[in-house]
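**Q** the following block contains a protein sequence and its predicted model.
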Amino acid sequence: MKSALARLYESLICNDAPSPADLIFVMAGRMERKIYGLELYRAGISPKLVLSIGRFEVSKMRSLNVEGWDELRLLHQRTPPNERHFFLKLDASGFQAAKAMLPQWNTYGEVLAFRDLIQKEKPRRVMVVSTDVHLRRVALTMGRVCRGMPIELFYCPVPPRLTPFSKDDWWFRPFARQFVLNEMIKLAGYRIILSLPAPIARRCMQLKDDSRKQTW
């Protein structure tokens, strides 16, 4: 039984090893993702880091002692609640905070905003960081949305030392069980929706107008 549960968990993950990249992109949703992305950036894995920050994460960013906190806080205060998703970019020139302009607050909408970002930044190789069981769905979505673009994407999970659960114990914890089961359901749904023609997929994802772009 334990091995079957571990295999179920493994079916949701991507597990590429960290290696040099032109840009590290950290998905929104959990603070340990930001912690790990900052570790990689400060270790010199990439000259550029972009943190995707949901509206309920902004206040927590102060604890990370990250450059750009004050700018991000002010931008958050000036932004209408329904637009409060941000990208915080760090590189050798400093930092920039921008509204991400997600057409929908879900992984699909975040990946569409990511596509706008890489069209502007033009990296050749991007490391994507998220929780391990989230990455299979992220990879599926990015593979569809970024198809044909001249970019190499690889997917690095937050290590177990920073996460509240792992493949060896997730079924013991109510929060972890819910998280993993939700990812199973969402992955199945995304596989169906993303196999449809793009206009139909967009309607299924209930996308809002995405004509607005990041403001930096």
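**A** On my side now, so go ahead.
**Q** from now on I want contacts and neighbour counts done on CA atoms only, so please keep to that.
**A** OK.
**Q** which stretches of the chain form helices?
**A** Taking DSSP state H to define them, one finds helices in the chain at 2-10, 31-42, 69-78, 107-121, 132-145, 174-194, 198-204.
**Q** determine which of those approaches Leu90 most closely.
**A** Across these, Leu90 has its closest neighbour in helix 31-42 (8.8 Å, C-alpha to C-alpha).
**Q** CA atoms of that closest one as CSV?
**A** Provided in CSV are the C-alpha atoms of helix 31-42 (Å, rounded to 0.1, in the frame of the first residue of the first chain):
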residue,chain,number,x,y,z
MET,A,31,6.2,30.7,0.3
GLU,A,32,8.8,27.8,0.3
ARG,A,33,8.8,28.2,-3.5
LYS,A,34,10.1,31.7,-3.0
ILE,A,35,12.7,30.7,-0.4
TYR,A,36,14.1,28.0,-2.8
GLY,A,37,14.1,30.3,-5.8
LEU,A,38,16.0,32.9,-3.8
GLU,A,39,18.5,30.3,-2.7
LEU,A,40,19.2,29.3,-6.3
TYR,A,41,19.5,32.9,-7.4
ARG,A,42,21.9,33.8,-4.6
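**Q** now do the contacts for the residue lying closest to Arg55 once chain neighbours are set aside.
**A** Spatially, and ignoring its direct neighbours in sequence, Arg55 is nearest to Arg84 (4.9 Å; C-alpha to C-alpha, 6 or more residues apart in numbering). Residues counted as contacts of Arg84 (C-alpha atoms under 8 Å, 6 or more residues apart in numbering) are Gly54, Arg55, His76, Lys99.
**Q** which ones are touching the first one?
**A** When contacts are counted by C-alpha under 8 Å, 6+ apart, Gly54 touches Ala28, Gly29, Arg84, His85, Phe86.
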